[in-house]
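[1] I would like the atomic coordinates for the input below:
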Amino acid sequence: MPKTIIAGNWKMHKTRAEARTLAQALVDGIKGEHHLPEIVRLIPIICVGESEEEHGAELTDSVIRRQITAALADLSKEQIVPLMIAYEPLWAIGTGKSCPTKEANRVAALIRATINDLFGIEGEIAADNAVAETIPILYGGSVKASTIKEQLNAPEINGVLVGGASLSAVEFLPIIMGGRTPQACFSG
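    Residues are numbered from 1 along each chain as shown. From the prediction side, this is the model:
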């Protein structure tokens with residue numbers, strides 16, 4: 001059974017140079033002649049998200065588009081299919097602030113649209129949309145038992161990436177129980 005590997009996790013975003021280095025190493029492994037994830041049977045999870053300053057300046061869309069474009073640059077459609085992408089708004093992680101599900105869903109749709117823009121060929125919109133639809137989009141910004149059902153019911157969000165709450169059975173079990181759906185639930 002394939003395992004997942006996270007690139008650009010929120011902890012790494014705090015030092016953007018390190019996040020870029022880790023994400024680039026993973027992408028280089030995907031693009032390289034050895035096709036690293038295929039050999040070790042890993043499913044890469046590319047994490048993207050904006051800082052509090054970027055969010056406050058209403059730069060979310062441009063930041064997300066830039067991060068997705070950088071992460072997927074030079075990959076083929078075949079190489080992106082095994083990927084997952086997690087939206088982790090940095091301003092909502094460990095701060096007590098919450099990203100409304102409607103906004104997280106909007107950003108997930110933006111991620112799909114960006115993938116379509118990157119891999120779109122005029123006249124092949126339906127086929128390209130199918131590529132974007134095969135990539136699970138996860139939400140990873142302070143997932144809680146009180147928000148899990150709403151997050152997993154959002155049409156563009158395919159699962160969650162649980163961070164700190166996964167370290168405590170008292171916090172994690174209610175998330176698992178609240179999120180009992182056919183959709184994916186990942187802990188990081």
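[2] for this protein, which segments are assigned as strands?
    With strands called from DSSP state E, the chain shows them at 3-7, 42-48, 84-87, 137-139, 159-162, 184-187.
[3] what mean pLDDT does the last one get?
    If you average the pLDDT over strand 184-187, you get 49.
[4] ok, the first one next?
    The predicted model gives strand 3-7 an average pLDDT of 63.
[5] also stretch 59-77?
    On average, stretch 59-77 scores 89.
[6] state the distance from Gly94 to Ala130.
    Remark: distance between Gly94 and Ala130 (CB to CB, to the nearest Å) = 36 Å. C-beta: built from backbone N, CA, C; applies to glycine.
[7] for this structure, what are the low-confidence residue spans?
    1-41, 121-129, 181-188 (pLDDT under 70).
[8] again, only using 80
    1-43, 74, 78-79, 81-82, 96, 120-131, 179-188 (pLDDT under 80).
[9] can you list the buried residues in the longest helix seen in it?
    The helix that spans the most residues within the chain, counting by DSSP state H, is helix 101-119. Neighbour counts using 16 or more other CB atoms under 10 Å place 101, 103-116, 118-119 of helix 101-119 among the buried residues.
[10] just checking, what packs against that helix?
    On a contact count with 3 or more CB pairs under 8 Å, 6 or more residues apart in numbering; DSSP states H and E, helix 101-119 meets helix 60-72, helix 77-80, strand 84-87, helix 125-133, strand 137-139, helix 148-153.
[11] beta partners of Ile85?
    With DSSP bridges applied, Ile85 shows beta-bridge pairing to Ile46, Ile137.
[12] would you check that it makes contact with Gly140?
    No: contact criterion CB atoms under 8 Å: Ile85 and Gly140 do not qualify, at 10.1 Å.
[13] which residues do those two both contact?
    Cys47 (CB atoms under 8 Å, 6 or more residues apart in numbering).
[14] one step back: can you add distance to Gly49 and give the helices and strands packed on helix 101-119 back as TSV?
    Formatted as TSV, these follow (distance: least, CB to CB, whole Å):
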stretch	distance to Gly49
helix 60-72	8
helix 77-80	19
strand 84-87	6
helix 125-133	19
strand 137-139	10
helix 148-153	15
